[in-house]
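Peer 1: Fold the following for me, if possible:
(2 chains)
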2 protein chains.
Amino acid sequence: MAIHHAQAGEVVSVQPLAGALAQTKTTTLVKSEHLEVLRLVLPAGKEIAEHQAKGDVTIHCLEGRVTFDVGGKSIEISQGELFYLHAKEPHSVRSIEDSSLLVTFSL
Amino acid sequence: MAIHHAQAGEVVSVQPLAGALAQTKTTTLVKSEHLEVLRLVLPAGKEIAEHQAKGDVTIHCLEGRVTFDVGGKSIEISQGELFYLHAKEPHSVRSIEDSSLLVTFSL
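Peer 2: As a prediction, this is how the structure comes out:
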C-alpha cells in the first residue's frame, strides 16, 4: 500500500494519540521539497540508538516524556515542549512514558 | 534588548498560552541555519494581508482557530491540526478565535 503523505494545504491531526498510541505506528505526515514532518510514536521504554539527521531538526513532544542524549548531555522533554538540533548532531532517544513526537527535518 | 532565540538543545514551551495570549507577542523561538520557528500570536479578528515565504512552511495550530486563504481556497485549522504550504505560495490569514500558531520555515 502506498503511504499517504499530506498534500500542500491538506489538514492533518497532530492531537495526542492517548489510548490509540499503542496501536499507532510512526508516520511521515509531510514530505515536501524542503521539509519532512513525521510523528514518531514511542511506547514507554523504547530506545532509538545513536543516529543523526542530514539537516537541522526540531522535536516537539505531543504527549508523554522522552530523553535525548546529545553529546554527553541529557535533554528531557514532555508534552508541549520543543527543542532543535543542528544537522549531523549524533543523538539517541529513550521514552520514559508512552510518547509521540512531531519531528521536522530540513531537507 | 536582544531577542533571545533558543540555542540547540534548549527546551522551550509551546503550550497553549490561554489566558496569557492577549499579553503575549509573536516570538521567534528558533533560528538555525536551515530552520526558523516562530509562535505567531493572533487575537480573534486579526488579519495578515497576503504574503509568501521563501521556503516551504508548516503551520501547526497550538490553540484557537484560524483561516488561511491560499489560491482562492480556504483552509481552516484549529488546535492540534497542521498543514504545509509550498515555497512562494501567496496566502493571507484571519483568526476566528484567540489563536497561536507554531510556524516552521525552511530557510
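Peer 1: How about the contacts made by the nearest residue to A:K73 once chain neighbours are set aside?
Peer 2: Excluding the flanking residues, the one nearest A:K73 by C-beta to C-beta, 6 or more residues apart in numbering or on different chains is B:G9, at 6.6 Å. All C-beta spots, glycine's among them, are computed from the backbone N, C-alpha and C. Going by C-beta atoms under 8 Å, 6 or more residues apart in numbering or on different chains, B:G9 touches A:70, A:73, A:75, A:83-85.
Peer 1: Compute the number of surrounding residues for the closest residue to A:E47 other than its chain neighbours.
Peer 2: The spatial neighbour of A:E47 that comes closest, neighbours along the chain excluded (C-beta to C-beta, 6+ apart), is A:R94 at 5.1 Å. The tally of other residues near A:R94 (other C-beta atoms under 10 Å in any protein chain shown) stands at 18.
Peer 1: try A:L102
Peer 2: 22.
Peer 1: Give me the phi and psi for it.
Peer 2: In terms of degrees, to the nearest 10, the main-chain angles of A:L102 are phi -100, psi 110.
Peer 1: Residues in a beta bridge with it, which ones?
Peer 2: A:L102 has these beta-bridge partners by DSSP bridges: A:R39, A:H60.
Peer 1: pLDDT score for it?
Peer 2: A:L102 is assigned a pLDDT of 98 by the prediction.
Peer 1: contacting residues around it?
Peer 2: By C-beta under 8 Å, 6+ apart, the neighbours of A:L102 are A:14, A:37-40, A:59-60, A:62, B:60, B:82.
Peer 1: most neighbours, which of the contacts of B:G9?
Peer 2: Result: A:Y84 is most packed of those (other C-beta under 10 Å), 27 neighbours.
Peer 1: Spatially nearest residue to it, not counting backbone neighbours?
Peer 2: A:T58 (4.5 Å).
Peer 1: is it true that that neighbour touches A:H86?
Peer 2: No: if you go by C-beta atoms under 8 Å, A:T58 and A:H86 don't touch, sitting 11.2 Å apart.
Peer 1: buried sites along the helix or strand hosting A:T104?
Peer 2: Element membership for A:T104 (DSSP states H and E) is strand A:99-106. For strand A:99-106, the neighbour count (16 or more other C-beta atoms under 10 Å in any protein chain shown) marks A:99-106 as buried.
Peer 1: Tell me the one of the residues you listed nearest chain B?
Peer 2: Checking those against chain B with C-beta to the nearest C-beta, the nearest one is A:S106 at 3.6 Å.
Peer 1: Good, we can wrap up now.
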